[in-house]
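Student: Okay, sequence plus prediction incoming.
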Amino acid sequence: MSYPSIRHNPDNRHFFLSLAGVLVGFGVLMVHSASITSWPTEFERVYLTKHLQFLTVAVLAATAAGCLPARFWFKAAPWLFVTNLLLLGLVLVPGIGTEVNGAQRWLRFAGFSMQPSELAKLTLPLFLARTAILARERIRHFFFGTVPFVVPAVLTLGLVILEPDLGTTVFLAGSAALTLFFAGWPIHNFIIGASAAVSGVVFLIISQPYRLRRVTDFVSVWTDFANSDAWQLRQSLITLGSGGFWGVGLGRGQQKLSFLPESNTDFVFAVVG
């Protein structure tokens with residue numbers, strides 16, 4: 001089988017790596033800031049050390065991936081995608097997938113833990129990009145320009161939503177749409193897909209009380225802040241507001257001191273603000 005020519009612009013590569021480096025450095029600084037307490041001890045170093053350990057592994061993996069030629073990823077894309085689908089299926093098998101707080105999203109073995117849905121953030125766009133290259137002459141065809149893209153996306157999103165994980169499902173749908181947009185997918189396909197996606201998200205929200213509660217809590221914060229039951233959202237807004245335009249200084253935020261939950265992970269944006 002002959003593969004199409006795959007080229008890249010070195011200037012774009014350097015610019016992309018520079019932006020990634022800035023984000024990584026800023027992230028390390030903010031994790032440290034979010035973990036500094038009013039009485040500095042070894043405690044805050046735990047978060048920073050753990051973050052740096054994962055970051056080291058990530059940088060090494062990214063370096064290894066970047067050294068491989070684009071043709072390698074072109075050939076590996078379908079195998080990576082199918083393997084990821086199998087892992088997403090295994091997560092849902094009782095006794096194999098691990099359930100935490102009502103969600104079955106993890107595979108754990110010999111002390112190692114992973115979420116296959118996180119791998120899908122890489123394998124799905126990679127597979128769709130490969131498909132777009134192979135089908136670029138027929139990408140506007142009613143059948144051959146639609147089915148080869150929709151089927152892989154629906155399979156992946158369907159397995160993730162069964163875990164359930166609505167947030168990751170929406171993220172995967174967005175990354176798939178972005179990939180297809182740059183591939184030149186017809187606009188009318190996006191309109192149809194967006195209509196179906198919005199309808200699906202609305203159904204998923206109203207079908208589960210805890211999801212509907214999150215929406216109503218979010219609305220209540222803006223309509224009746226003082227009496228809202230959404231403690232986390234209230235504290236995050238207070239954190240942002242206390243910083244004003246210039247902030248209070250690195251590590252000096254007060255709301256993270258047992259007021260703002262998950263200040264160094266889920267709500268780190270509020271600490272940054």
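Tutor: Structure received. What you see is a predicted model; the values in this text were computed from it and never measured. Numbers count the residues shown, from 1 in each chain.
Student: All the strands of this protein, residue numbers only.
Tutor: 97-100, 103-109, 112-114 (DSSP state E).
Student: want to throw those into CSV with mean neighbour count, mean pLDDT and distance to P164?
Tutor: For every residue, glycine as well, the C-beta is placed using N, CA and C. Shown next, in CSV, are these (neighbours: other Cβ atoms under 10 Å; pLDDT from 0 to 100; distance: least, Cβ to Cβ, whole Å):
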stretch, mean neighbour count, mean pLDDT, distance to P164
strand 97-100, 14, 79, 11
strand 103-109, 15, 82, 6
strand 112-114, 10, 81, 18
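Student: of all those, which lies closest to V28?
Tutor: The minimum distance between V28 and the strands of the chain falls on strand 112-114, with 22.6 Å, by Cβ to Cβ.
Student: Let me see the residues that make contact with that closest one.
Tutor: Here strand 112-114 makes contact (Cβ atoms under 8 Å, 6 or more residues apart in numbering) with T98, W106, L107, R108.
Student: what's the farthest-apart pair in those residues?
Tutor: Maximum pairwise distance among these (Cβ to Cβ): 7.0 Å, between T98 and L107.
Student: re the thing from before, quick one, which of the strands of the chain gets closest to C67.
Tutor: Nearest to C67 among the strands of the chain is strand 112-114; the distance by Cβ to Cβ comes to 23.4 Å.
Student: pretty sure L159 is in contact with L85, am I right?
Tutor: Yes: using Cβ atoms under 8 Å, L159 is in contact with L85, at 7.0 Å.
Student: sorry, back to before: switch the strands of the chain over to TSV; also include distance to A270.
Tutor: Output for the strands of the chain, formatted as TSV (distance: least, Cβ to Cβ, whole Å):
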stretch	distance to A270
strand 97-100	24
strand 103-109	24
strand 112-114	27
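Student: Mind splitting this structure into its structural domains?
Tutor: With domains defined by automatic domain parsing, the chain comprises 70-207, 214-272.
Student: any idea which of these scores lowest on pLDDT?
Tutor: Mean pLDDT values for the domains of the chain show the minimum at domain 214-272, a mean of 73.
Student: Kindly check the end-to-end length of that domain for me.
Tutor: Using Cα to Cα, to the nearest Å, the end-to-end distance of domain 214-272 comes out at 23 Å.
Student: thinking again about what came up before, closest to R234 out of the strands of the chain?
Tutor: Of all the strands of the chain, it is strand 103-109 that lies closest to R234, at 24.6 Å by Cβ to Cβ.
Student: List the neighbouring strands of the closest one plus their orientation.
Tutor: Sheet pairing of strand 103-109 (DSSP bridges) gives strand 97-100 (antiparallel), strand 112-114 (antiparallel).
Student: what distance separates the shortest one from the centre of its chain?
Tutor: For strand 112-114, the separation from the chain centroid amounts to 17 Å (computed by Cα atoms, centre = their mean, to the nearest Å).
Student: One more: the first one?
Tutor: Centre-to-centre, strand 97-100 and its host chain are 19 Å apart (Cα atoms, centre = their mean).
Student: what does that strand rub up against?
Tutor: L90, V91, Q104, R105, W106, L107, R108, S113.
Student: is the last one in a bridge, and if so with what?
Tutor: The reference is to S113. For S113, the beta-bridge partners are R108 (DSSP bridges).
Student: and of the domains of the chain, who's closest to M30?
Tutor: domain 214-272 (5.3 Å).
Student: circling back to that earlier point, tell me which of the contacts of strand 97-100 is nearest to T63?
Tutor: Of the contacts of strand 97-100, the one sitting nearest to T63 (Cβ to Cβ) turns out to be S113, at 23.5 Å.
Student: Report the separation between the closest one and G241.
Tutor: Distance, S113 to G241, by Cβ to Cβ, to the nearest Å: 36 Å.
Student: got a list of what the closest residue to L204 other than its chain neighbours touches?
Tutor: In space, and not counting its chain neighbours, L204 is closest to L166: 5.9 Å by Cβ to Cβ, 6 or more residues apart in numbering. Shown in contact with L166 (Cβ under 8 Å, 6+ apart): V201, L204, I205, R211.
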